[in-house]
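Q: Fold the stuff below for me.
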Amino acid sequence: DQLTRIQSLQAELEVRVIRDPLTGLLNRRFFDEALHKEVARANRKGMPITILILDIDKFKRVNDTHGHAAGDLVLEKIGGLLRAQTREADLAVRLGGEEFLILMNEINLDQGMKRAEEIRTLIENTHFDHEGVSLHVTVSIGGAEYPSSSTSIKDVMRKADQALYRAKFKGRNQVAR
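A: This next block holds a predicted model:
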């Protein structure tokens, strides 16, 4: 009985080490460690990786207007939506704050941008109920592909981040490459 309890606690600890407690998504530390393995796998298979970086538009306004509990609810629900919209082979990560990343294995940029648009539309059409108030948020998403955008995965992430800022600059609630 004690061995079963220890194994259960060990499994719970392993989850806490790699998961963001609010969103249930993988955390930045796990992603940083897993990234090189994913690149090695893509190189072995000769397949692309698409990186999407998502940011909740004007998230500070949610916290300032409705409080941090409302902001936490939005983050939690978006985490659930991202988990539901990604495949088991993908990595859905909370980078920090209101910024998320999805690493999609064996998906080229055209396919990735189609998925990004589906995710953007889903979030735009979702209402988050908090204390009788229906909250509405949108996201901007930037994408880039390894290795066609760059043979350096860090550069691919930088390009996805730059694409995210282009989406924001063009008016938010958009995807950009």
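Q: Next one: residue 173 from residue 120, what distance?
A: Distance check for residue 173 against residue 120: by CB to CB, to the nearest Å, it reads 7 Å. Where you see a C-beta, it was placed from the backbone N, CA and C, and this is true even at glycine.
Q: try residue 105
A: 21 Å.
Q: Now the common contact residues for residue 173 and residue 120.
A: Residues within reach of residue 173 and of residue 120 at once, by CB atoms under 8 Å, 6 or more residues apart in numbering, are 138-140.
Q: of the residues you listed, buried ones?
A: With burial judged by 16 or more other CB atoms under 10 Å, the buried subset of those is 139-140.
Q: Tell me which of the shared contacts of residue 173 and residue 120 fall in strands.
A: Judged by DSSP state E, the subset of the shared contacts of residue 173 and residue 120 located in strands is 139-140.
Q: so which of the shared contacts of residue 173 and residue 120 comes closest to residue 82?
A: residue 139 (10.0 Å; CB to CB).
Q: Show me what that closest one bridges to in the sheet.
A: Beta bridges link residue 139 to residue 56 when assigned by DSSP bridges.
Q: shaky segments in the chain?
A: Filtered on pLDDT under 70, the chain yields the residue ranges 11, 13, 15-16.
Q: looking at this, residue 119 is in a strand?
A: No: counting by DSSP: H, G, I helix; E, B strand; the rest coil, residue 119 falls outside a strand, being helix.
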